[in-house]
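Peer 1: A structural model of the following input is requested.
(one chain, ligands or ions: 1)
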Amino acid sequence: MTSPQLAYVVAGSEATGGAGFQVDLKTFQQLGVYGVGTLSCIVCFDPKNNWGHRFHPVSADIIAEQMEAALAAHPSMKTVKVGMLGTPDTIDVVSRGLREREWDNVLVDPVLICKGQEPGAALDTDNALCEKILPLATVVTPNVFESKTLSGMDSIETVEDLEEAARRIGSQGVKYVLAKGGVELPGPNAVDVLWDGEKITRYEKPKVGEQRVSGAGCTLAAAVAAELAKGDSIYDAVATAKDLVYRGIVARVSAETPFDTVWQGA
Ligand code: PXL
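Peer 2: Residues are numbered from 1 along each chain as shown. Down below sits the predicted model:
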């Protein structure tokens with residue numbers, strides 16, 4: 001028996017199991033990678049209030065303790081995925097923890113707009129993410145809204161716009177930008193674009209309905225991280241991840257929440 005490769009995730013719990021930390025670990029397991037995790041915050045949707053977000057950050061000292069344990073236990077772990085962090089304080093402590101190691105792959109899913117926070121606090125959180133976490137990223141995976149925000153573009157309405165956004169985000173210093181069109185852009189396919197500093201590669205799958213499915217972005221980013229941890233190229237990692245997400249959306253798990261959720265085991 002050979003030992004599995006390791007992948008680390010720092011992310012928030014989404015208590016229904018449809019997104020966040022739970023999805024990251026399920027995805028790692030599905031791809032044969034040993035998952036290690038640090039919890040940054042806890043989101044509990046409220047079934048009595050239209051599934052609105054209730055948001056609870058984990059305190060900075062407890063995040064630091066989790067990171068200390070995870071990094072000390074696994075000196076060879078060189079791939080990390082960063083999901084939702086939640087507040088300027090959680091971002092600060094995670095950024096300091098990540099700087100303790102030379103990583104091969106730092107994949108940042110830039111979860112902007114922390115629902116459940118005041119608008120002003122959410123902006124401070126987004127700014128802290130851009131200032132303290134994005135400079136550490138080797139791969140960033142924005143959706144259409146996040147691509148617009150990070151690129152400074154007024155609108156993204158076509159795949160060509162999304163490609164321009166990916167180039168602009170890449171010019172800020174991130175090696176690989178995987179911008180996700182999902183169901184937001186018109187056309188029969190869900191198109192993601194990868195900018196590597198020199199060229200764009202498009203990844204396309206037929207849209208499965210026009211509705212968002214919960215956990216698709218988390219699954220995609222976690223799957224890319226898992227494949228990079230196994231030593232795949234970014235191009236193969238994205239292709240594998242896109243395929244896993246597509247199959248997981250076809251086999252979606254229905255829920256009472258506003259969105260069905262991806263089945264990572266498909
Ligand atoms: O899908 C983005 C996301 C990531 N992480 C957590 C979430 C969500 C969306 O609800 O709750 C913890």
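Peer 1: what distance separates the longest strand anywhere in the chain from the centre of its chain?
Peer 2: Ranked by residue count under DSSP state E, the longest strand found in the chain is strand 34-46. Offset of strand 34-46 from its chain centre (Cα atoms, centre = their mean, to the nearest Å): 13 Å.
Peer 1: quick check: which ranges of this structure have low pLDDT?
Peer 2: Low-confidence segments of the chain (pLDDT under 70): 113-119.
Peer 1: counting neighbours, what do you get for the closest residue to the ligand within the stretch 51-200 of the chain?
Peer 2: For the stretch 51-200 of the chain, the residue closest to the ligand is residue 84, as judged by Cβ to the nearest ligand atom, at 3.6 Å. C-beta here means a position set from N, CA and C on the backbone, and glycine is covered the same way. Look at residue 84: counted by other Cβ atoms under 10 Å, it has 26 neighbours.
Peer 1: that one against residue 108, yeah?
Peer 2: No. Using Cβ atoms under 8 Å, residue 84 is not in contact with residue 108; the gap is 10.9 Å.
Peer 1: near the ligand, which residues of the stretch 101-250 of the chain show up?
Peer 2: Residues of the stretch 101-250 of the chain found near the ligand (Cβ under 6 Å from any ligand atom) are 111, 217, 218.
Peer 1: please flag which of these sit within strands.
Peer 2: With DSSP E as the criterion, strands contain none of these.
Peer 1: would you list these in CSV and tack on neighbour count?
Peer 2: As requested, those are exported to CSV (neighbours: other Cβ atoms under 10 Å):
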residue, neighbour count
111, 26
217, 23
218, 31
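Peer 1: nearest to residue 37 among those residues?
Peer 2: Nearest to residue 37 among those: residue 218, at 12.6 Å, using Cβ to Cβ.
Peer 1: which secondary structure element contains residue 191?
Peer 2: Take DSSP states H and E as the rule and residue 191 turns out to sit in strand 189-195.
Peer 1: that strand packs against which elements?
Peer 2: When contacts are defined as 3 or more Cβ pairs under 8 Å, 6 or more residues apart in numbering; DSSP states H and E, strand 189-195 packs onto helix 159-170, strand 176-180, strand 200-206, helix 234-250.
Peer 1: apply 10 Å and report the result again.
Peer 2: In terms of contacts (3 or more Cβ pairs under 10 Å, 6 or more residues apart in numbering; DSSP states H and E), strand 189-195 is packed against helix 159-170, strand 176-180, strand 200-206, helix 216-229, helix 234-250.
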